[in-house]
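Chemist: Please find the sequence and the predicted model below.
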Amino acid sequence: MNKQFFIPSDTYSYSYVVCVSVLNEKAKYKGKGVPFTAILPSGPLPSGILQNPYLFVGVKVVLKDETILTIYVSKEKVLLNSDMYLSDLKEAKSILFKIKERIG
């Protein structure tokens with residue numbers, strides 16, 4: 001089984017992964033600071049929270065040295081619960097499952 005994974009910036013060992021999660025980042029914050037700090041839950045939201053309901057779906061990987069790796073599945077901002085959002089969410093969950101399977 002492959003013991004490393006590749007992100008365009010580098011190659012990392014699965015043995016260094018301590019946490020992995022699927023997250024929704026508010027579109028207006030993407031690229032404007034630390035990734036995945038302005039997140040939205042994937043379940044029901046309180047009313048009024050979404051003045052701008054667009055987001056990016058991604059996978060956040062935290063390594064033992066506290067490095068945060070981001071894998072954005074959404075290539076463009078998507079509308080919450082749209083077909084494109086659900087497709088991106090499915091792909092992100094697949095990535096999550098593959099990483100968790102390898103890290104045990």
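Modeler: Good, I have the coordinates.
Chemist: helix or strand for the closest residue to Cys19 other than its chain neighbours, which one?
Modeler: Excluding its sequence neighbours, the residue lying closest to Cys19 (Cβ to Cβ, 6 or more residues apart in numbering) is Val62, at 4.1 Å. For every residue, glycine as well, the C-beta is placed using N, CA and C. Here Val62 sits within strand 54-63, counting by DSSP states H and E.
Chemist: swap in Lys90?
Modeler: Secondary structure (DSSP H and E) places Lys90 in helix 83-103.
Chemist: Report the buried residues of that helix.
Modeler: Neighbour counts using 16 or more other Cβ atoms under 10 Å place 85, 88-89, 91-92, 95-96, 99, 103 of helix 83-103 among the buried residues.
Chemist: from those, which single one is nearest Leu69?
Modeler: Of all these, the one sitting nearest Leu69 is Ile99; the distance, using Cβ to Cβ, is 10.2 Å.
Chemist: hang on, that closest one packs against Tyr14?
Modeler: Yes. Using Cβ atoms under 8 Å, Ile99 is in contact with Tyr14, at 7.1 Å.
Chemist: residues contacting Gly53?
Modeler: Not Gly; residue 53 is Pro. 79-80 (Cβ atoms under 8 Å, 6 or more residues apart in numbering).
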